[in-house]
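Engineer: based on what follows, work out the 3D shape:
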Amino acid sequence: MYPNVHVVGHPLVQHKLTLMRRKETPTAEFRRLLREIAMLLAYEVTRDLPLTTEKIETPVAPMQAPVLEGKKLCVISILRAGNGLLDGFLDLIPSARVGHIGLYRDPHTLVPVEYYMKVPQDIGERLTVALDPMLATGHSAVAACQRLRDAGATKLRMVSLLSAPEGLKVFCEAHPDVPIYTAAIDDRLNDHAYIVPGLGDAGDRLYGTK
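Structural biologist: Residues are numbered from 1 along each chain as shown. Predicted coordinates for the structure are as follows:
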């Protein structure tokens, strides 16, 4: 296992992931479960955010109370399925800045092709968390993180609901200094670059498309 890979084994994450994997799970429930898991993943990703203190008054007495230090983090959705994780992150961190990167995988070469990108101008001053539910071949995540670095991001983390060993190898070799948080590492990729056993196409199941 790579040292920058963190598998979130929380029982609630694993239970909800099993519900998402079931092929009979309807779109509305799949969407809700992904949002709930995203909140739990966000908790893990942000557990070491720096704190400072500020003076406040409770109804009983004044105190020095802990608050987040520095600028709020930036969350980047890798379109389109990344939006399913984005909602859960914003539920937990509503003041986070948001960026989007649009990538699609060429069906013949499996190479990611960028069609859209917009991120905060001060991304270099913020912890930046990239979101993509499926780390399959790893090429899209590698390309997205490289584009974020090109845009000035210096503190990067990657969040993926499911990962394949092949994708983790590609990602960790390209970005060994970027922590990646995932709920599970599945067995392998099939001939169509789908994660096995996986849960199908996350975007299609999220939005009810084929």
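Engineer: which residues of the chain fall in helices?
Structural biologist: Along the chain, the segments classed as helices by DSSP state H run 11-21, 27-45, 82-92, 139-150, 165-174, 202-207.
Engineer: which of those helices sits closest to V98?
Structural biologist: Counting by C-beta to C-beta, V98 lies closest to helix 82-92 out of these; the figure is 6.9 Å. (Glycine included, C-beta is placed from N, CA and C.)
Engineer: can you pull the contacts of A38?
Structural biologist: Residues near A38 by C-beta atoms under 8 Å, 6 or more residues apart in numbering: 84-89, 91, 131, 159.
Engineer: tell me how far it lies from A144.
Structural biologist: 17 Å (C-beta to C-beta, to the nearest Å).
Engineer: just M20 next, same as before
Structural biologist: Using C-beta to C-beta, M20 is found at 22 Å from A144.
Engineer: make JSON lines out of the helices of the chain and add distance to K118 and mean pLDDT.
Structural biologist: Shown next, in JSON lines, are these (distance: least, C-beta to C-beta, whole Å; pLDDT from 0 to 100):
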{"stretch": "helix 11-21", "distance to K118": "29", "mean pLDDT": "97"}
{"stretch": "helix 27-45", "distance to K118": "21", "mean pLDDT": "96"}
{"stretch": "helix 82-92", "distance to K118": "13", "mean pLDDT": "94"}
{"stretch": "helix 139-150", "distance to K118": "11", "mean pLDDT": "93"}
{"stretch": "helix 165-174", "distance to K118": "23", "mean pLDDT": "96"}
{"stretch": "helix 202-207", "distance to K118": "19", "mean pLDDT": "90"}
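Engineer: possible to save those helices as CSV with distance to V75?
Structural biologist: As requested, these are exported to CSV (distance: least, C-beta to C-beta, whole Å):
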stretch, distance to V75
helix 11-21, 18
helix 27-45, 9
helix 82-92, 5
helix 139-150, 11
helix 165-174, 18
helix 202-207, 17
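Engineer: between these, which gets nearest to G99?
Structural biologist: Proximity to G99 (C-beta to C-beta) singles out helix 139-150 among these, at 8.0 Å.
Engineer: which residues are contacting that closest one?
Structural biologist: If you take C-beta under 8 Å, 6+ apart as the criterion, helix 139-150 is touched by 76, 78, 101, 103, 105, 110-112, 114, 117, 119, 123, 128, 130, 132, 135, 156, 158, 160, 167, 170-171, 174-175, 178.
Engineer: mind doing that once more with 6 Å?
Structural biologist: Helix 139-150 is touched from outside by 78, 101, 103, 112, 128, 130, 132, 135, 156, 158, 171, 174-175, 178, with contacts defined as C-beta atoms under 6 Å, 6 or more residues apart in numbering.
Engineer: widest-spaced pair of those?
Structural biologist: The distance between the two most remote of the contacts of helix 139-150 (C-beta to C-beta) is 18.3 Å, for P112 and T128.
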